[in-house]
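Student: Okay, here's the prediction I keep looking at, along with the sequence it came from:
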Amino acid sequence: MGLTGLAIFKLLPKTNCKECGVPTCMAFAMALASGKATLEQCPYVSDEAKEALESATAPPIKLVKAGAGDNVLELGDEQVMFRHDKTFYHPTGVFIEVADNADVAAKVDEINGLVFERVGQKYEVDGVAVVNASGNADTFKDAVATAAGKTDKVLLLVSEDAAAMEAAAAGLEERKPILYAANADNYEKMVEIAKKIGAPLVVKGKNLEDVADLAGKVGYKELILDSGERETSKVIADLTQIRRQAIKKRFRPFGYPTIAFTTEEDPYMEALQAQAYVSKYASIVVLKTTELASLLTLFSWRSNLYTDPQKPIAVEPGIYAIGEVTPDSPVYITTNFSLTFYTVQTEVEATRLPSYLIAYETEGLSVLTAWAGGSFIGENIGPWLKDSEINEKVNHKQLIIPGGVAAIKGKIEELSGWEVTVGPREANGISSFAKLKLGA
Amino acid sequence: MPVQILKEKFTGTVQEVVLGATKEEGGTRSNTVKLGGSSTLPFLQYEGDIPNRPVIALEVLDIKPDWGEAFEPYYGDVWSDPAAWAKKTEELGADVIYLKLAGADPELENSKSADECAKIVKAVLENTSKPLMVEGPGHPEKDNDVLQAVGEAAAGENIAIGLAEKDNYRSIAAAAMMGKHCVIGRSPVDINILKQLNIMIADMGVAPNKIINDPMSSGLGYGIEYSYSIMERARWGALIGDKMMAFPVVCLAGPEAWRAKEAYAPLEEAGPGWGEQKPRGIMWEAMTAASLLQAGGDLVLMRHPEAVKLVKKHIDDLMKPNLY
């Protein structure tokens, strides 16, 4: 990545010793350039060359890890500006602030309790940001200790007072908290604290130049960047510049994950502000609100944005039982596109009539797309249904199909011997359909 | 360390389209609304111009909608009267009125005739002062009749009519040209069809400054990322000089957001962590709108007045200058 084979060749010993397993240094250089070999295979490479090559072959944005155990948060290591160019890899970490002079235990309990579930996904807050609002080192230390005892989530320690940070961070080696923040005045001490416990450190500038300057000179690589900007449109500009320069110019001081803080007081405005930062490249966003509607919608957006555009999201094809099914239970069929499936499943559940739901293999396409593409059609479903296990599960032969593909009814009936009922076009019509037609 | 701001060197611009006509321009609108015109990525003013901020259109139907209780307090007293409803959306902050003639659907009992639709459009125009967009019932033949009559009834007002799709664009584009209106080209979340349809509409002789794109949105949680990426790709295409991807984009935040159970389900049917319906519904719509804005939406179609307030304020923040 970044360097051509020829450029790499110039940095190699050029002895053709073959100890790397490749006949010539030139061939080895080509292998390195295409990512098929690693530098460790060469026993004679100079330290100088090593450094030059490592920085040239490193990913444009460093992968930084925070937290411990089941709560390790991976940040950075993104490769593109737009999700359609490839995909976005590491979803923005959502953190919530707790002031050290507030009731820390109660607030952390509240954050722990924020669990959202929809369409088969579960969303939880990634981290707790303990803020040294009191300005007092002891208060901060106690608050951090309380938070650490109350939650396994990733901790973000917010204090630019190096002495307060040192006291609070002591004993947290195991937790790998994120330290916030090193600035032009305190960075030497902050780096020392971060190194001691192996923690990621945020460098906070007054602007882009300042943060580049700091990131370049701190002599520590577990970094996260904050340009210091807080106005929405300017934060977006800064985050875009950092990402773009890291990816397109391989500007090393910007080759790290980023963090953004919301400023809006209204919890709903705050969620929209956070959304803009999630969309435009923040690796972590720190909010104040615990409002359910704000977080549910923010998490849903994050989940959408970080969906891999190269593969449709699908559920395992098969026959799903919803509720306490019996041989008399009705049988619905839809595709295995997960959004379609979960939407239908939720609605069938809501009818409170135990039912079977078939997720028919369409390689993750929605009903109409799969119908148009020729996978969700009678010619396929009919023969499948005829031999399906569903015949042993129920004592009837009545299938409910989505209303949008009423046209496939005849072919299914002809090829399966089942009787087909055309259901509603939209999933939200299932409850009235079930009431009217199935006596739910 | 000096940091050289890295600017993309774009050669293209999103086409600017004007909606509405004032008295001087032969219409009766109090003001016109300009869509598009950007020569940069969304909200990155430091590398190009964003002459027009994204605008909000509010939905009006010609029949009582099945929007449920969440909307009753806002529109319950007007949703049997489209002209009064349209007036109300202006009071609630609509920059543009978006009238959907759902009542002309031939599958409905008492389906409205093209003449009746034309009368409704006239009444709406008489009772309001903001630019108007009109969507037909979504039935190929009926759309032709209805939109032609609407185009005639709104002569001089520079409204937008649609939806012109791949299979029925001819008559709708013709009706738009006839009445000197704009045409809304609808493509099904597909960048190739989007471009192809624009080429076909332009080939008929529709002027570029009369074309608006509806690339079809999905709501938050239900495929919005597809819309987001199609819009990002179209905007990128526009900026690198592809004029057939460069038309202003409409986002259907309101109608799509409120299809989701997460928006409308009452607390007793809500999933874990969802909380009360009211803030959830408002935020589901606002978040849908805000997300699509980040991909380059020029006009957002919305429903809930509280969501409109949030999104307008959010646009204020996004439009603050960010020059280096």
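Tutor: All right, it came through fine. Residues are numbered from 1 along each chain as shown, chains lettered A, B, ... in the order given.
Student: Now for the chain: which helix has the highest residue count?
Tutor: You didn't say which chain, so I picked chain A. helix A:232-248 (DSSP state H).
Student: Chain B was what I was after
Tutor: helix B:277-294.
Student: now that one and helix A:232-248, what's the angle there?
Tutor: Put simply, helix B:277-294 runs at 50 degrees to helix A:232-248, going by axes from the mean of the first three to the mean of the last three C-alpha atoms, to 10 degrees.
Student: Give me the buried positions along helix B:277-294.
Tutor: B:277, B:279-294 (16 or more other C-beta atoms under 10 Å in any protein chain shown). For glycine as for every other residue, the C-beta is placed from the backbone atoms N, C-alpha and C.
Student: what's the answer for stretch B:103-113, then?
Tutor: Going by 16+ other C-beta under 10 Å, stretch B:103-113 has these buried residues: B:103-105, B:112.
Student: which one among those gets closest to chain A?
Tutor: Nearest to chain A out of the buried residues of stretch B:103-113 is residue B:105 (C-beta to the nearest C-beta; 13.3 Å).
Student: Spit out the contact partners of the closest one.
Tutor: Contacts for residue B:105 (C-beta atoms under 8 Å, 6 or more residues apart in numbering or on different chains) come out as B:111, B:137-139, B:142.
Student: Surely residue A:151 touches residue A:108?
Tutor: Yes - at 5.2 Å, residue A:151 counts as touching residue A:108 under the criterion of C-beta atoms under 8 Å.
Student: Looking only at neighbour counts, state which of the two leads.
Tutor: residue A:108 (22 against 18; other C-beta atoms under 10 Å in any protein chain shown).
Student: Now do the same for that one: helix, strand or coil?
Tutor: helix (DSSP: H, G, I helix; E, B strand; the rest coil).
Student: Pull up the residues of the stretch 301-440 of chain A that are close to chain B.
Tutor: Residues of the stretch 301-440 of chain A lying close to chain B (C-beta under 8 Å from any C-beta of the partner chain) are A:301, A:303-305, A:307, A:309, A:339, A:343, A:346-347, A:350, A:366, A:426, A:428.
Student: For these, which two are the farthest from each other?
Tutor: A:309 and A:350 (30.8 Å; C-beta to C-beta).
Student: so what's the residue in the stretch 251-400 of chain A positioned nearest to chain B up against?
Tutor: Proximity to chain B, evaluated over the stretch 251-400 of chain A using C-beta to the nearest C-beta, is greatest for residue A:292 at 3.3 Å. Neighbouring residues of residue A:292 by C-beta under 8 Å, 6+ apart: A:114, A:116, B:273-276, B:279-280.
Student: Ranking by neighbours, what's the top pick from the residues you listed?
Tutor: residue B:280 (25 neighbours).
Student: For it, which non-adjacent residue is closest in space?
Tutor: residue A:293 (4.5 Å; C-beta to C-beta, 6 or more residues apart in numbering or on different chains).
Student: which element is the residue in the stretch 1-150 of chain B positioned nearest to chain A on?
Tutor: With C-beta to the nearest C-beta as the measure, residue B:1 is the residue of the stretch 1-150 of chain B nearest to chain A, at 4.2 Å. Secondary-structure assignment from DSSP states H and E places residue B:1 in no helical or strand segment.
Student: Contact partners for it?
Tutor: Residue B:1 neighbours (C-beta under 8 Å, 6+ apart): A:209, A:212-213, A:216, A:253.
Student: residues near residue B:187, how many?
Tutor: 23.
Student: how about it, what does it touch?
Tutor: B:165-166, B:193-194, B:197, B:213-216 are the contacts of residue B:187 under C-beta under 8 Å, 6+ apart.
Student: Just the ones of these in strands?
Tutor: B:213-214 (DSSP state E).
Student: who does the longest helix of chain A touch, helix- and strand-wise?
Tutor: helix A:208-217, helix A:267-279, helix B:305-318 (3 or more C-beta pairs under 8 Å, 6 or more residues apart in numbering or on different chains; DSSP states H and E).
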